[in-house]
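Asks: need coordinates for the following:
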Amino acid sequence: PGRNGDLPFDHGRYQNITVAYPAFISRAFRRRIDDFRAFICAPIGYRRLEDTYHPEEFRMAMYSGGLEVSTTPRNMAGTFNLAFNCKPQRWLKSGELPQTFNANGAIYNPTLYAAKPLVRAYGTGTFTINGVSVRIIAASGYTDIDCDSMDAYKGSTNCNGNIVLVNGAFPEIAPGENAVTLSDLASIEITPRWWTL
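Replies: Coordinates of the predicted model:
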């Protein structure tokens, strides 16, 4: 009370957005619209969405509505809009390429947002990214550490009991250069998952 202006409160997250595309079917409309409706409406959950407007990026999206079609005379062609409920991030395809470290080094985040990588660690030992360490205390070949879902696994086997979060958190790759160090590990592969808004 008595203060001018709003007090912003950051919840540390971004809201989903709607992304819409105009679309059409120009030939064999009656046969194709049913097949298309079944295709677009059947999947449940988030799926990868790519378009030619942003060829170096993709979104995670769910189809968010019915399919209202405007048809030409005799139903020979139809136009409609496709609306997708999308996570706010635009993921960079370059962030899907794993970077291998056999020794200490650095990884550079080209975006303004901290990335939550997928790390595949070979053997037992400790790796540190940007000052945050994970120790693998038991492994059969390799262990995948997913810093986004906060899980450790190998294939479909849960390996959460085989890791220790030394700093109590999963590593993130901050904007700019981040130090990567290895202790007793043969190597690690970091899939950085760069993203932007």
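Asks: by contact count, what packs against the lowest-mean-pLDDT helix or strand in the chain?
Replies: The helix or strand of the chain with the poorest confidence is strand 70-71; it has a mean of 76 (mean pLDDT, DSSP states H and E). The contact analysis (3 or more CB pairs under 8 Å, 6 or more residues apart in numbering; DSSP states H and E) places strand 70-71 against strand 78-86. Bear in mind the C-beta positions are built from the backbone N, C-alpha and C, glycine included.
Asks: pull the CA atoms of the strand it packs on into PDB?
Replies: Extracted in PDB, the C-alpha atoms of strand 78-86 (Å, rounded to 0.1, in the frame of the first residue of the first chain):
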ATOM      1  CA  GLY A  78     -11.400 -27.300 -48.400                       C
ATOM      2  CA  THR A  79      -9.600 -24.800 -46.200                       C
ATOM      3  CA  PHE A  80      -9.200 -24.800 -42.400                       C
ATOM      4  CA  ASN A  81      -7.000 -23.600 -39.600                       C
ATOM      5  CA  LEU A  82      -4.900 -25.900 -37.400                       C
ATOM      6  CA  ALA A  83      -4.300 -24.700 -33.900                       C
ATOM      7  CA  PHE A  84      -1.700 -26.200 -31.600                       C
ATOM      8  CA  ASN A  85      -1.100 -25.800 -27.900                       C
ATOM      9  CA  CYS A  86       2.700 -25.500 -27.700                       C
END
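Asks: what pLDDT, on average, does it get?
Replies: Taken as a whole, strand 78-86 carries a mean pLDDT of 89.
Asks: for it, packing partners?
Replies: Against strand 78-86 (3+ CB pairs under 8 Å, 6+ apart) you get strand 17-25, helix 29-41, strand 57-63, strand 70-71.
Asks: okay, now residue 51: neighbour count?
Replies: 11 (other CB atoms under 10 Å).
Asks: so how far is residue 191 from it?
Replies: Applying CB to CB, to the nearest Å, the value for residue 51 to residue 191 is 23 Å.
Asks: just for this protein, where's the confidence low?
Replies: Residue ranges of the chain with pLDDT under 70: 1, 7-11, 73-75.
Asks: right, and residue 194 touches residue 97 too?
Replies: No: Residue 194 is not in contact with residue 97 according to CB atoms under 8 Å; the separation is 9.8 Å.
Asks: those two: which has the busier surroundings?
Replies: When neighbours are counted by other CB under 10 Å, residue 194 and residue 97 differ, and residue 194 comes out ahead with 23 against 11.
Asks: ok, for the more buried one, nearest residue in space, not its chain neighbours?
Replies: Distance criterion CB to CB, 6 or more residues apart in numbering; nearest residue to residue 194, sequence neighbours excluded, is residue 95 at 3.3 Å.
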